[in-house]
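Colleague: based on what follows, work out the 3D shape:
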Amino acid sequence: MNEDALNTSLRRFLKVVGVTSQREIELAIREAIAEGRLKGSETLSARVVLTLEKVGLSHTIDGTIELQ
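Modeller: Below is the predicted model:
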């Protein structure tokens, strides 16, 4: 295994995950506020599940997103 290749590939993947996730979350929240499903002052529960099937990894990360 090439450690440098792994590190570079992993960082590239995580950057895409971070940017894409932020964009999707912001869009969903804005739509929910516009439709009246959220007021804009809530704290939302969030969960991400990271899966690497070939190595048997399933890691869950729970957190919160505060709107105010």
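
Colleague: tell me the gap between the helix or strand harbouring G18 and the middle of its chain.
Modeller: Element membership for G18 (DSSP states H and E) is helix 3-34. Averaging C-alpha positions (C-alpha atoms, centre = their mean, to the nearest Å) puts helix 3-34 6 Å from its chain's average.

Colleague: ok, and what's touching whichever helix or strand comes after that helix?
Modeller: Towards the C-terminus, the helix or strand next in line after helix 3-34, according to DSSP H and E, is strand 43-52. Contacts to strand 43-52, defined as C-beta atoms under 8 Å, 6 or more residues apart in numbering, come from residues 21, 25, 29, 57-67. Where C-beta positions appear, they are placed from N, C-alpha and C, glycine not excepted.

Colleague: could the residues you listed go into CSV alongside neighbour count?
Modeller: Listed next are these as CSV, based on neighbours: other C-beta atoms under 10 Å:
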residue, neighbour count
S21, 12
I25, 13
I29, 17
L57, 9
S58, 9
H59, 9
T60, 9
I61, 9
D62, 9
G63, 9
T64, 9
I65, 12
E66, 8
L67, 13
